[in-house]
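Student: A predicted structure for the sequence below; I have some questions about it.
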Amino acid sequence: MSTTTSPRADLHTHTALCKHASGTPEEYLAAAQKAGLVYWGVSDHFPAPAGYDAEFRMAPGDLPRYFDILDSLRDVADGSGLQVLAAVEFDYVPDRMDEVSAALDPLRPIFDYLIGSVHYVGDFAFDDPDKLAEWPRYGVDAVWDGYLTDLKAFVELGGFNVLAHSDLPKKFGFRPSDCENVVRRMADIYECAAAKGIRLELNTAGLRVAADEIYPSPELLRAAFRAGMKITLGSDAHKPEHVAYAFDRAAELARSIGWTTHTAFVRGEAVELPL
């Protein structure tokens, strides 16, 4: 039986192919059905450029298996009222986006949508718990500055549909010393994203870590609303039980700011759903 009162889409979930998720694809599917989702997006980490973040994403040779998983899930879900969407999450890697495009562009027709993310500043994987002790060496404000610089460059480049966890550096509780400046800079990013039709993700994974807050913060969400951005919902599930995690809370937050719908993408076309 559905546990939601309105149609919802979770566009950000993973598989064990990324090497840091657990559970079988069928368990994620069952969780999506139990949550009453209408659209469930499988969006594992794309393996490009070569050698980048290889411990935490698919290997290039895993892609055929990934596509087999997606086909199998669609077959199982057929007729159930749940539509399985195919996607990947890919990263902005300065000076190597030509390599990313060369690997990703031929596959774009396969995907319903694409998620864009930034997980590194320089060589620092700032969201990796194993790198937590390195934050003092890099400096909190320097990480935020580098992150915002790369995020802006990525949005200006475009080529994706959903901007994921847009204040990810707060994951371990590290906040910038000048939050107002971050809001100003992010507002510029959101205005650029809105002009390109990129959706902003409300990512509930922030509630499961030290940040204890949805990505992005309410202040940033208000800036995104003023910029005219539309939104998606994403659990960033790395376990089946995280599918649609705290979506009632995310919907309540979104409605409090002024949104009335969230977006799914089917073969690249936006579908608006009530919150």
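Tutor: The structure has been received and is ready for your questions.
Student: residues contacting R8?
Tutor: By CB atoms under 8 Å, 6 or more residues apart in numbering, R8 lies in contact with A35, G36, L37, V38, Y39, L233, A244, F247, A251, H262, L273. Heads up, the C-betas are built off the backbone N, CA and C, glycines and all.
Student: List just the nearest of these to G81.
Tutor: Closest approach to G81 among these (CB to CB): V38, at 7.0 Å.
Student: returning to that earlier point: strands - which of the contacts of R8 land there?
Tutor: Among the contacts of R8, the ones falling in strands (DSSP state E) are Y39, L233, H262, L273.
Student: Quick one: which of these is the most crowded by neighbours?
Tutor: Highest neighbour count within these: L233, with 29 neighbours (other CB atoms under 10 Å).
Student: per-residue confidence for that residue?
Tutor: L233 carries a pLDDT value of 98.
Student: what's the answer for M1, then?
Tutor: If you check M1, the pLDDT there is 32.
Student: next one: T5
Tutor: On the pLDDT scale, T5 gets 52.
Student: which residues does the nearest residue to H238 once chain neighbours are set aside contact?
Tutor: Leaving out its chain neighbours, the residue that sits closest to H238 by CB to CB, 6 or more residues apart in numbering is A21, at 3.9 Å. Residues near A21 by CB under 8 Å, 6+ apart: H14, T15, D44, A237, H238, K239.
Student: let's see it at 10 Å
Tutor: When contacts are counted by CB atoms under 10 Å, 6 or more residues apart in numbering, A21 touches 13-15, 28, 44-45, 56, 236-240, 242.
Student: how about A86, what does it touch?
Tutor: Residues near A86 by CB under 10 Å, 6+ apart: 41-43, 66-67, 69-71, 73-74, 107, 110-113, 267.
Student: Correction: the previous question concerned A125.
Tutor: Contact analysis of A125 by CB under 10 Å, 6+ apart lists D53, E55, F56, H119, K131, E134.
Student: re earlier: is it possible to mark the buried ones in the contacts of A21?
Tutor: Using 16 or more other CB atoms under 10 Å as the burial test, these include T13, H14, T15, Y28, D44, H45, D236, A237, H238, K239, P240, H242 as buried.
Student: ok, the closest residue to L132 other than its chain neighbours - how many residues close by?
Tutor: Leaving aside its sequence neighbours, L132 sits nearest to F172 (CB to CB, 6+ apart; 5.9 Å). F172: 15 surrounding residues under other CB under 10 Å.
Student: cool, and P64?
Tutor: Neighbourhood size, P64 [other CB under 10 Å]: 9.
Student: elements contacting the helix or strand encompassing it?
Tutor: Per DSSP states H and E: P64 is located in helix 63-77. Under the contact definition 3 or more CB pairs under 10 Å, 6 or more residues apart in numbering; DSSP states H and E, helix 63-77 sits against helix 25-34, strand 39-45, strand 83-91.
Student: As CSV, could you dump the C-alpha coordinates of it?
Tutor: Output of helix 63-77 as CSV, limited to C-alpha atoms (Å, rounded to 0.1, in the frame of the first residue of the first chain):
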residue,chain,number,x,y,z
LEU,A,63,28.2,-0.1,-17.9
PRO,A,64,26.8,-3.1,-19.8
ARG,A,65,25.8,-4.7,-16.5
TYR,A,66,24.2,-1.4,-15.4
PHE,A,67,22.1,-1.3,-18.5
ASP,A,68,21.1,-4.9,-18.0
ILE,A,69,20.0,-4.0,-14.4
LEU,A,70,17.9,-1.1,-15.7
ASP,A,71,16.3,-3.3,-18.3
SER,A,72,15.5,-6.1,-15.8
LEU,A,73,14.0,-3.6,-13.3
ARG,A,74,11.8,-2.1,-16.0
ASP,A,75,10.6,-5.6,-16.9
VAL,A,76,9.8,-6.4,-13.3
ALA,A,77,8.1,-3.1,-12.7
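Student: Quick one: mean pLDDT for it?
Tutor: Helix 63-77 shows a mean pLDDT of 98.
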